[in-house]
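Chemist: A predicted structure for the sequence below; I have some questions about it.
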Amino acid sequence: MQVAVTHLERWAVQNKMELKAKKTKDIWITFKKSCPIPAPISMGPTELERISEFKLLGVHVQNDLKRNIHVPSIVSKACKRIHYLMVYRTAHLPRNIGLTTYITKIRPVLEYASPVWGGLPIYLEEDLQRVQNRCLSVIGLPRDTVESLVTRHQNLMRKEFKRILESEKHPCKRF
């Protein structure tokens, strides 16, 4: 890896770009319970900070590619928005307004980046579904009013996979 970083540094100098070592992080993705610690990577005189997780475009990525940090963070974010539904309920507005509010303000948080998640463990799926059930309860609608989040995630995943397979120019096509 050090050779690749050195090559990148040379390329940046040739193209009159500046790399910031303090903003650059080092993460090693592995599925092993214990693996040998790789040698530290340096950028110039600065050693890169090694991390075990980071947030990229709103998605928490862990070094074992599990979603044990991402799902609780989006559940927390979605739960904070249940306040909107409670306001509608106390104002005695029609249920369809509450449902529209859930579909437009809360469900997108629960589904963010879901096509790339793959299959979630059951306990994480249940956490997400629990938020949807709570929202429907606040609105005063039965749980089967909207399809389950597990089904929606699976459908979104299939749709994305189909789009990749049908696209001739998609980078994943060669795999």
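Modeler: Cool, got the structure.
Chemist: From the centroid of the chain, which residue is nearest?
Modeler: Closest to where the C-alpha atoms of the chain average out (C-alpha atoms, centre = their mean) is residue 59, at 3.1 Å.
Chemist: what's the nearest residue to that one if we skip its chain neighbours?
Modeler: Nearest residue to residue 59, sequence neighbours excluded (C-beta to C-beta, 6 or more residues apart in numbering): residue 113, at 4.8 Å. Bear in mind the C-beta positions are built from the backbone N, C-alpha and C, glycine included.
Chemist: gap between the helix or strand encompassing residue 136 and the chain center?
Modeler: Using DSSP states H and E, the element containing residue 136 is helix 122-139. Its chain's C-alpha centre and that of helix 122-139 lie 18 Å apart, by C-alpha atoms, centre = their mean, to the nearest Å.
Chemist: List the buried residues of that helix.
Modeler: Residues of helix 122-139 classed as buried: 124-125, 127-128, 131-132, 135-136, 138-139 (neighbour count, 16 or more other C-beta atoms under 10 Å).
Chemist: what angle do the next helix or strand after that helix and helix 122-139 make?
Modeler: As assigned by DSSP H and E, the chain's next helix or strand after helix 122-139 is helix 149-166. Angle, helix 149-166 to helix 122-139, by axes from the mean of the first three to the mean of the last three C-alpha atoms, to 10 degrees: 120 degrees.
Chemist: Let me know the distance separating the nearest residue to residue 2 once chain neighbours are set aside from residue 4.
Modeler: Nearest residue to residue 2, sequence neighbours excluded (C-beta to C-beta, 6+ apart): residue 41, at 5.6 Å. Here residue 41 is placed at a distance of 9 Å from residue 4 (C-beta to C-beta, to the nearest Å).
Chemist: With neighbour numbers in mind, choose between the two.
Modeler: residue 41 (19 against 9; other C-beta atoms under 10 Å).
Chemist: what ranges do the helices span in the chain?
Modeler: Here the chain has its helices, by DSSP state H, at 2-14, 70-80, 82-90, 95-101, 107-111, 122-139, 149-166.
Chemist: With distance to residue 22 and mean pLDDT as added columns, please give those in JSON lines.
Modeler: Putting the helices of the chain into JSON lines (distance: least, C-beta to C-beta, whole Å; pLDDT from 0 to 100) gives the following:
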{"stretch": "helix 2-14", "distance to residue 22": "15", "mean pLDDT": "89"}
{"stretch": "helix 70-80", "distance to residue 22": "25", "mean pLDDT": "92"}
{"stretch": "helix 82-90", "distance to residue 22": "38", "mean pLDDT": "91"}
{"stretch": "helix 95-101", "distance to residue 22": "42", "mean pLDDT": "92"}
{"stretch": "helix 107-111", "distance to residue 22": "32", "mean pLDDT": "91"}
{"stretch": "helix 122-139", "distance to residue 22": "34", "mean pLDDT": "92"}
{"stretch": "helix 149-166", "distance to residue 22": "36", "mean pLDDT": "85"}
